[in-house]
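Undergrad: With the input below, show me the fold.
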Amino acid sequence: MPKVDIWDLPELPKNQLPPHLQLQRTRVSCNNDAPTNTENITYSGAYASMGVDNMVRLNDFKEKFQVKVTKLNEEDMEFDLIGIDASIANAFRRILISEVPTMAIEKVLVANSSSLVQDEVLAHRLGLIPIKVDPRLFDYMSENDVPNEKNSIVFKLNFKCDRKSGERRTVYSQDLKWLPSGSEYVLPTETPSDTTSKPKTYTSFTSSQDSLPEFSNNPITVASDIIISKLGPGQEIELEAHAIKGIGKTHAKWSPVATAWYRMLPEVVLLQDIQDEDAEILVKKCPVKVFDIEDIGKGKKRATVTRPRACTLCRECVREPGWEEKVALRRVKDHFIFTIESTGALPPEVLFTEAVKILEDKCERVITELS
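TA: Numbers count the residues shown, from 1 in each chain. Predicted structure coming up:
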């Protein structure tokens, strides 16, 4: 075999890696036994010996970065984040779960509860009910603050089953009634004989919340059809629930998402033509129908990749010997399919924009402290 001089090889275009290195840099290879090339190469001089600069530049980032919404409704949202690092995608996920604020029930004043559900469990269940209100309209309440119309929401629950009729009823979340004027329970005083024009309650509302412009056309409600308790004949629940603003880092009841998760974009590549009987075998192997059969004429059929996004990387198509030479399963390192499932407090698209603002504030805080 003749000796090949390295200087006789064809010269690569400027700022371009050889195909095998470019594949390792941009893709995760999902082999039958384990994934490979999972690390991100972020060092700017990693390919300096080949004349390729691996530095991240702002203008290049602006050109590559994209957000494409593929699904959007009141409950969930799916979109593609293209051109970012996995650490940024994970930052959005963590912020959505633990740092975007919502309103949730924090204090429950039980006047009477004869149901089988203990008071502590009842309070916990009430705290997990999503409240449909924009938390940006409210202020955080510290330990020294007094509950008022700008930092608290009050609900009452008064439900009773008649003993004589023997009725049994289920208490649902929609049975919570909003009290726009604040608490109706009078504070216990040291001087019961003290008579005032207006007795003090557990809240100090100077005005009714339903008179405020932000709530006059959009009354505060809670998510419906959530079972709170079941009452038998003669049983009763009478209480007040006070909601305040908080974040999921403090308690999960303030988390605005049922879940927020992401995955790398699957890439399914046929390394060679798979025809006739092998094509039918490949289609049957895949449980999520990623592959399909194409008629190429003269009675011949060929396998094609029609739904690569549906691939779950179960590896059924490459599990048997010999199929890894025919099919390659990969993940794109800088392309993430992000899913947000809202609890109902805020629309999912608003949750993501709020997460972006929080991350921006964090970055500005770091820059300010470094300067």
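
Undergrad: Could you pick out the longest strand of this structure?
TA: Assignment by DSSP state E gives strand 327-342 as the longest strand of the chain.

Undergrad: quick one: strands adjacent to that one?
TA: Sheet pairing of strand 327-342 (DSSP bridges) gives strand 27-30 (antiparallel), strand 76-82 (antiparallel), strand 257-270 (antiparallel).

Undergrad: so how far is that strand from its chain's centroid?
TA: Chain-centre distance of strand 327-342: 15 Å, with CA atoms, centre = their mean, to the nearest Å.

Undergrad: Using PDB, write down the CA coordinates of it.
TA: Coordinates of each C-alpha in strand 327-342 appear next as PDB, following Å, rounded to 0.1, in the frame of the first residue of the first chain:
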ATOM      1  CA  VAL A 327     -29.500   2.600  11.600                       C
ATOM      2  CA  ALA A 328     -27.900   5.400  13.700                       C
ATOM      3  CA  LEU A 329     -29.700   6.900  16.700                       C
ATOM      4  CA  ARG A 330     -28.400  10.300  17.800                       C
ATOM      5  CA  ARG A 331     -29.400  13.400  19.800                       C
ATOM      6  CA  VAL A 332     -28.700  17.000  18.700                       C
ATOM      7  CA  LYS A 333     -26.700  18.600  21.500                       C
ATOM      8  CA  ASP A 334     -27.900  22.200  21.000                       C
ATOM      9  CA  HIS A 335     -31.600  21.500  20.100                       C
ATOM     10  CA  PHE A 336     -34.000  21.000  23.000                       C
ATOM     11  CA  ILE A 337     -37.700  20.100  23.000                       C
ATOM     12  CA  PHE A 338     -39.100  21.900  26.000                       C
ATOM     13  CA  THR A 339     -42.500  21.100  27.600                       C
ATOM     14  CA  ILE A 340     -44.300  23.200  30.200                       C
ATOM     15  CA  GLU A 341     -47.400  21.900  32.000                       C
ATOM     16  CA  SER A 342     -49.100  24.700  33.900                       C
END
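
Undergrad: Now do the buried residues in that strand.
TA: Of the residues in strand 327-342, 327-331, 333-340, 342 count as buried by neighbour count, 16 or more other CB atoms under 10 Å. Every residue, glycine included, has its C-beta placed from N, CA and C.

Undergrad: All set now, cheers.
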